[in-house]
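1. here you go, sequence then predicted model.
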Amino acid sequence: MSPKTDEEVRALVREAVASLAPARPAAVEGGQRIVEDLGYNSLTVLELVFALEEELDASLMEDGAAGFITTVDDIERYILGRYREQQHGRSTAPYGQ
């Protein structure tokens, strides 16, 4: 599989967030909160991560990251950063560091 561009990764994240969101939003905005606005809970967040891992063929979640992710923008930044780190073979630091 060829590496995806940043725009492709962001689009995949938004599509996955929209399709799995319990609240079924008409549109997904970057500032929307995962739990409060989109109705996610711990199980649906895991489903989202697994779907993105499968789509991107990458291991995306690491311990402690969930505490920093509250909005769609947070998810995009985190997933894109983890994806790029794995594409370049770098070691990863916890989100936000």
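-> Sure thing, it's come through.
2. got a list of what the one residue sitting closest to the centre of the chain touches?
-> Compute the mean C-alpha point of the chain, and by C-alpha atoms, centre = their mean the closest residue is I75, 3.9 Å away. Residues near I75 by C-beta atoms under 8 Å, 6 or more residues apart in numbering: 13, 17, 34, 48, 69. Placement of C-beta: from N, CA and C, glycine included.
3. and the residues you listed, which of them are buried?
-> Among these, those scoring as buried are 13, 17, 34, 48, 69 (criterion: 16 or more other C-beta atoms under 10 Å).
4. and the residues you listed as TSV, adding distance to M61 and secondary structure?
-> Output for the buried ones among the contacts of I75, formatted as TSV (distance: C-beta to C-beta, whole Å; DSSP: H, G, I helix; E, B strand; the rest coil):
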residue	distance to M61	secondary structure
V13	13	helix
V17	15	helix
I34	14	coil
L48	10	helix
I69	10	coil
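5. can I get those in JSON lines including pLDDT and distance to S2?
-> Output for the buried ones among the contacts of I75, formatted as JSON lines (pLDDT from 0 to 100; distance: C-beta to C-beta, whole Å):
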{"residue": "V13", "pLDDT": "95", "distance to S2": "18"}
{"residue": "V17", "pLDDT": "96", "distance to S2": "23"}
{"residue": "I34", "pLDDT": "95", "distance to S2": "29"}
{"residue": "L48", "pLDDT": "91", "distance to S2": "23"}
{"residue": "I69", "pLDDT": "85", "distance to S2": "27"}
